[in-house]
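Colleague: Make a model of this:
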Amino acid sequence: MSRTRAIHFLVLLGFLWGCDGGVQVQSYEVLRTLPHDPTAYTQGLIFHDGFFFESTGRYGTSSVRKVDPETGEVLLSVELEDTQFGEGLALVGSELFQLTWKAGQAFVYDLESLALKRTLQYEGEGWGLCYDGEALFMSDGSDRLYRRDPGTFEVLGEVAVTKDGFPVWRINELECVGGEIYANVFQTTDIIRIEKATGRVLAQIDGFQLSARARRANDPEALFNGIAYDPGRDIFFVTGKLWQELFEIRLN
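Modeller: You can find the predicted model right below:
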């Protein structure tokens, strides 16, 4: 590798591991710490009508569930087959859409009963999912967000996510909020705030202190993941895979 190429590679590597560059680092305050099921390998998180709806992953333990925020109690749960690895979760009207990692299937459930209504097919991996009121946005671990039709799951378009002009890879759990998308970056403690129309990263939220505070399983995959938004109070809930805590935060 030439010196020039080596420098370019190191610059890109530094970016991927969290260099801030010109992007704003957005602060927050922790309002409350809530209980979270320490066995939940959190892949998708939604707050709706006073409850959490959560998608959990790993083969043999994947599920979609309704959870009491105050106690962490699982009120209703549907287990996936052992061959399915649950991923992102989105609410569209009265239906929940759950991705799978490598099976190329999205499951659509009734919000009230969690009864399976239909199964949709797609190509590639499923990571994060959110709904902006018109379309679904889906991540697949790359630097792309795919805009999908909620009725057919057809890809309507895509946008490349960039931070200071460089691509951001490993985009994971998503939360649509107005004209922006909040996303966990897999294997980091960062949440990035993405301009939906352009893919440009507007700000970065450093979750290191939350990650350091959280009690978790002794597991290398017990990582920061899970974002839910409460529009009524303009607050976020964040957690991690196999964490015992879920944090209620307000962005500054």
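
Colleague: Can you report how many residues lie near Phe208?
Modeller: A total of 12 residues lie near Phe208 under the criterion other Cβ atoms under 10 Å. C-beta here means a position set from N, CA and C on the backbone, and glycine is covered the same way.

Colleague: What residues does it make contact with?
Modeller: Residues in contact with Phe208, defined by Cβ atoms under 8 Å, 6 or more residues apart in numbering, are Thr189.

Colleague: which phi and psi does it have?
Modeller: Dihedral pair for Phe208: phi -60, psi -40, per degrees, to the nearest 10.

Colleague: any idea how far it lies from Thr188?
Modeller: In this view, Phe208 and Thr188 are 9 Å apart by Cβ to Cβ, to the nearest Å.

Colleague: Gln98 now?
Modeller: As it turns out, when the distance is counted by Cβ to Cβ, Gln98 lies 24 Å from Thr188.

Colleague: between those two, which one's more packed in?
Modeller: Legend: neighbour count by other Cβ under 10 Å for Gln98 and Thr188, higher for Gln98 (29 against 20).

Colleague: and that one, bridged to which residues?
Modeller: With DSSP bridges as the criterion, Gln98 is bridged to Leu89, Phe107.

Colleague: One more: Val74?
Modeller: With DSSP bridges applied, the residues forming beta bridges to Val74 are Val67.

Colleague: Phe236 too?
Modeller: Residues found in beta-bridge contact with Phe236 (criterion: DSSP bridges) are Tyr229, Ile249.

Colleague: Now do the same contact list for it.
Modeller: So, once contact is read as Cβ under 8 Å, 6+ apart, Phe236 ends up touching 28, 175, 182, 227-230, 248-251.

Colleague: just curious, which of those is nearest to Phe237?
Modeller: For the contacts of Phe236, the residue nearest Phe237 by Cβ to Cβ is Ala228; the value is 4.3 Å.

Colleague: pull the helix or strand with minimum mean pLDDT from the protein.
Modeller: Between all helices and strands in the chain, the lowest mean by mean pLDDT, DSSP states H and E belongs to helix 3-16, at a mean of 39.

Colleague: Hmm, Ile227 is touching Leu174, no?
Modeller: Yes: using Cβ atoms under 8 Å, Ile227 and Leu174 qualify as a contacting pair, with a distance of 7.5 Å.

Colleague: so what sits against both of these two?
Modeller: Counting by Cβ under 8 Å, 6+ apart, the residues touching both Ile227 and Leu174 are 182-183.

Colleague: low-confidence ranges in the chain?
Modeller: The model of the chain has pLDDT under 70 over residues 1-21.

Colleague: how about the helices in the chain?
Modeller: Under the criterion DSSP state H, the chain contains helices at 3-16, 208-213.

Colleague: If you tally nearby residues, what's the number for Tyr28?
Modeller: Around Tyr28 there are 19 residues (other Cβ under 10 Å).

Colleague: quick one on the thing from earlier: for Ile227 and Leu174, indicate the residue with more neighbours.
Modeller: Set side by side, Ile227 and Leu174 show unequal neighbour counts under other Cβ under 10 Å, the larger going to Ile227 at 28 against 25.

Colleague: neighbours around the closest residue to that one other than its chain neighbours, how many?
Modeller: Taking Cβ to Cβ, 6 or more residues apart in numbering, and ignoring the residues beside it in sequence, Ile227 has Glu175 as its nearest neighbour in space, at 4.2 Å. One way to gauge burial is a neighbour count; for Glu175, by other Cβ under 10 Å, it gives 28.

Colleague: try the one 5 residues further on
Modeller: Neighbours of Glu180 under the rule other Cβ under 10 Å: 17.

Colleague: what's the answer for the one 10 residues further on, then?
Modeller: The local packing count at Asp190 equals 22, with neighbours defined by other Cβ under 10 Å.

Colleague: gap between it and Phe224?
Modeller: Using Cβ to Cβ, Asp190 is found at 8 Å from Phe224.
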